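Trainee: The sequence isn't on hand, but the structure is:
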């Protein structure tokens, strides 16, 4: 039996389970010459998918109603009529949210389960690690001794950004939403300091205390009031890497924040949004560093693995309540 | 008799005449060896001076209470005991708001009244022109055929930005606040299209119509709701040059605007604040182009010249009501 998750209706505000539909088909898939049959092993659920569920103009085309959601997936080749793939291979790529699917192998990358755990290829050795590395180095242009602040710091990308910051010799402060996450940032990921925004009344003052030399690089995953508070603490020539704005993704009206322009003028500061594919030419360099640091034990990662394909949509919804620590992954 | 304008108290919100004091001294200034005696000819009044009247952290030190305001001034050397200057020379530099003052000549530049009108050295061949050129080329990185939007377009910097945009082969849309200014943008400065924000209900829609290919470069002098409307129309990889935010300079509380982060992420867009002195290494190149274009008749400029030193503070206040067309200058 093959299960598929399709987008039933476009979410308004925060997505709910009823925006999705599970379809079960009692059928066998038959492959033809050049094709492979794939069985999903791990499915990546990511905040950016929320954007594709709306039909507003964005950097990737919206999902179509009635069609499967797609995201990063690790799958096992269970049958092959394609010379490039053998039964038993594991591959990584953008695939449908289906338990089984047919592919011609285009855009799929073989991954080595003996070199790193399979799920790592969706995280620290996948888009997550590449996003962290490329955003921080290409936009943040960090220099040893500078101060780096990371919001959404216990998330998949944020926790890698902070660790790379430490490897590059920065003073690193993380912002997260629970005491447990904050504790993990300093004990597990080596951040110099971490702030729980849910138990801090005055984030502006807390950041001033945490960053006595001001903020040179801000890696922003959340937007909203947390980013407002950072603005008051930036230094001249600060670089703000705008990776995401999860705190406002579900707003139905355009959210309001403190006007950034006066801060940018006063400090000759930069804000730059990006998606990781802008930096494809840097991927080989990034993968070399990431896998090297991982092998040397300089990088570690957290993942929240939800068991069962049937829980994929709930795992996606949980992202917006901060229920994940590190990369959120479904084991299908 | 020598007149001086000092900062009496720090303005709260919009400055008023009572924030300043005129001092008249019935005295003669005597110069010593190495000094020159200067008589103010033209005084530049600029929006950025508002920032220096507050004691908040900014890119330049605040003015001291009880001390003269300083700004760009063109002065005549009326006596000299300094080998480098001769009676009758005209010089440009940062000077006090005084009818006469003594200087050692440091930081002063001789200007040639036969090459361009003296007041041009405060404008198109001074900080105004340099700001327009450096911000547009170094941050905006315009490419021929792209669309440039300029806010505060009838102001000193804005009108030069738009003209440089046309010289570089861009489609140029200006935003200003009166029908007269809007008319001037297209007839005098060669903008392709201009919008009066005071008579336009839906700026977002007006910009969409005026910029059918979207906005690639935004040169922002004003911030606030006008800049919010531009955000909705930016293209992928848009560059927003943040030169000023005059619409919010007099706010006593941090103004709120539409959150920029989601727009930056969606479009991989950039916002960069600056002050002209960041690009000092580009000044020779900039001056070569600006004076060349001026001589060829490709650049023109407006200035509002207010007569009389006694009207200097009122001229400054008038900036915030948009009473100037182009560079606001006082003829002392």
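Mentor: Happy to help now that I have it. Please read these numbers as outputs of a predicted model, since none were measured by experiment.
Trainee: I'd like to know how many residues surround residue A:112.
Mentor: Residue A:112: 10 surrounding residues under other Cβ atoms under 10 Å in any protein chain shown. (Glycine included, C-beta is placed from N, CA and C.)
Trainee: Model confidence at it, what's the number?
Mentor: Residue A:112 is assigned a pLDDT of 87 by the prediction.
Trainee: likewise residue A:303?
Mentor: 89.
Trainee: Give the phi and psi angles for it, as a check.
Mentor: Dihedral pair for residue A:303: phi -140, psi 150, per degrees, to the nearest 10.
Trainee: burial count for it?
Mentor: By other Cβ under 10 Å, the residues close to residue A:303 number 19.
Trainee: That one - nearest residue in space that isn't next to it in sequence?
Mentor: In space, residue A:303 comes closest to residue A:327 once its chain neighbours are excluded; the distance is 4.5 Å by Cβ to Cβ, 6 or more residues apart in numbering or on different chains.
Trainee: Name every strand pairing with the helix or strand where that neighbour lies and say which way it goes.
Mentor: Assigned by DSSP states H and E, residue A:327 belongs to strand A:327-331. Here strand A:327-331 is paired, per DSSP bridges, with strand A:36-44 (antiparallel), strand A:303-307 (parallel).
Trainee: Most tightly packed of those?
Mentor: Stretch with highest mean neighbour count among those: strand A:36-44 (a mean of 23; mean count of other Cβ atoms under 10 Å in any protein chain shown).
Trainee: and that one, how far out from the chain's middle?
Mentor: What separates the centre of strand A:36-44 from the centre of its chain is 19 Å, taken as Cα atoms, centre = their mean, to the nearest Å.
Trainee: Likewise for stretch A:49-62?
Mentor: In terms of Cα atoms, centre = their mean, the centre of stretch A:49-62 is found 16 Å from the chain centre.
Trainee: ok, and what's touching that stretch?
Mentor: A:7, A:10-11, A:15, A:19, A:63, A:69, A:71, A:249-250, A:275, A:316, A:320, B:236, B:265-268 (Cβ atoms under 8 Å, 6 or more residues apart in numbering or on different chains).
Trainee: What of stretch A:200-212?
Mentor: Everything outside stretch A:200-212 that qualifies as a contact, by Cβ under 8 Å, 6+ apart, is A:147, A:149, A:171, A:173, A:175, A:193, A:195, A:197, A:215, A:225-226, A:229-230, A:232-233.
Trainee: Out of those, which are close to chain B?
Mentor: Among those, proximity to chain B is found for none (Cβ under 8 Å from any Cβ of the partner chain).
Trainee: Tell me the one of the residues you listed nearest residue B:305?
Mentor: Of all the contacts of stretch A:200-212, residue A:232 has the smallest distance to residue B:305: 39.3 Å, by Cβ to Cβ.
Trainee: can you map out the strands along the stretch 101-250 of chain A?
Mentor: With strands called from DSSP state E, counting those that start in this stretch, the stretch 101-250 of chain A shows them at A:109-111, A:147-151, A:171-176, A:193-196, A:215-220, A:234-242.
Trainee: Distance from the chain centre to the fourth one, please.
Mentor: Counting by Cα atoms, centre = their mean, strand A:193-196 is centred 20 Å from the centre of its parent chain.
Trainee: Relative to it, what are the paired strands and their orientations?
Mentor: According to DSSP bridges, strand A:193-196 forms sheet pairs with strand A:171-176 (parallel).
Trainee: go on, the shortest one?
Mentor: The strands that strand A:109-111 pairs with in its sheet are strand A:90-96 (antiparallel) (by DSSP bridges).
Trainee: Report the mean per-residue pLDDT for the partner strand.
Mentor: The average pLDDT within strand A:90-96 is 94.
Trainee: Show me what counts as buried in it.
Mentor: A:90, A:91, A:92, A:93, A:95, A:96 (16 or more other Cβ atoms under 10 Å in any protein chain shown).
Trainee: Let me see the contact set for the nearest residue to residue A:276 once chain neighbours are set aside.
Mentor: Once flanking residues are discounted, residue A:276 sits nearest to residue A:131: 4.4 Å by Cβ to Cβ, 6+ apart. Neighbouring residues of residue A:131 by Cβ under 8 Å, 6+ apart: A:157, A:243, A:276.
Trainee: Could you rerun that using 10 Å?
Mentor: Shown in contact with residue A:131 (Cβ atoms under 10 Å, 6 or more residues apart in numbering or on different chains): A:46, A:48, A:156-157, A:160-161, A:221, A:241, A:243-244, A:274-277, A:279, A:286.
Trainee: Quick check: it vs chain B, distance?
Mentor: Per Cβ to the nearest Cβ, to the nearest Å, residue A:131 is found 11 Å from chain B.
Trainee: Report the secondary structure state of the closest residue to residue A:95 other than its chain neighbours.
Mentor: Leaving aside its chain neighbours, residue A:95 sits nearest to residue A:73 (3.9 Å; criterion: Cβ to Cβ, 6+ apart). Here residue A:73 is recorded as strand under DSSP: H, G, I helix; E, B strand; the rest coil.
Trainee: Show the contacting residues for residue A:73.
Mentor: Contact analysis of residue A:73 by Cβ under 10 Å, 6+ apart lists A:38, A:40-44, A:91-98, A:101, A:108, A:122, A:330, A:332.
Trainee: do you know how far residue A:192 is from residue B:277?
Mentor: Per Cβ to Cβ, to the nearest Å, residue A:192 is found 33 Å from residue B:277.
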